[in-house]
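Q: Sequence first, predicted coordinates after that:
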Amino acid sequence: MAEYVLLLYAEDGERDRWEEMPLWVEVTKSLQEAGVLVDNAALESPEAATTVRVRGGAAEATDGPFATTKEFLAGYYVLDCADLDEALRHAARLPLARYGAVEVRPVVAGWGGRG
């Protein structure tokens with residue numbers, strides 16, 4: 001088994017993600033029941049972000065996201081799957097995959113005290 005992070009990208013104002021809550025609850029519950037869900041969360045809007053950069057040895061904090069783009073990181077899932085193919089199958093089940101994007105990326109084994 002390996003951990004994969006599913007990064008959920010949506011376009012601002014494209015869709016109210018809360019109106020699909022029953023679909024999200026259904027998918028999340030099925031991931032729990034399958035024993036693959038490690039963690040998940042929705043994130044606040046990009047306006048709530050603060051970006052930190054260190055330049056010339058000094059830390060700079062800037063209000064807002066790292067980059068200006070139409071899509072923003074809306075949330076994530078961390079799944080413990082047998083392989084990438086299984087993680088991709090689960091990613092395709094997320095409602096946001098129909099109108100946004102779901103990036104699937106392996107988690108480095110042993111990083112952060114897990115794996």
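A: Sure thing, it's come through.
Q: Show the pLDDT at the spatially most distant residue from the centre of the chain.
A: Residue farthest from the centre of the chain, counting by Cα atoms, centre = their mean, is residue 56 at 31.4 Å. Note on residue 56: pLDDT of 91.
Q: Repeat that for the one 4 residues further on.
A: Among the per-residue scores, residue 60 holds a pLDDT of 84.
Q: Whatever helix or strand it lives in - contacts with which helices or strands?
A: Using DSSP states H and E, residue 60 maps to strand 58-63. If contacts are counted by 3 or more Cβ pairs under 8 Å, 6 or more residues apart in numbering; DSSP states H and E, strand 58-63 sits against strand 50-55. For glycine as for every other residue, the C-beta is placed from the backbone atoms N, C-alpha and C.
Q: Kindly export the strand holding residue 60 (C-alpha atoms) in PDB.
A: Taking C-alpha atoms only, strand 58-63 is exported to PDB below (Å, rounded to 0.1, in the frame of the first residue of the first chain):
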ATOM      1  CA  ALA A  58      14.500  37.600   5.200                       C
ATOM      2  CA  ALA A  59      11.000  36.100   5.400                       C
ATOM      3  CA  GLU A  60       8.300  37.900   3.500                       C
ATOM      4  CA  ALA A  61       4.600  37.200   4.100                       C
ATOM      5  CA  THR A  62       2.100  38.300   1.400                       C
ATOM      6  CA  ASP A  63      -1.600  38.100   1.600                       C
END
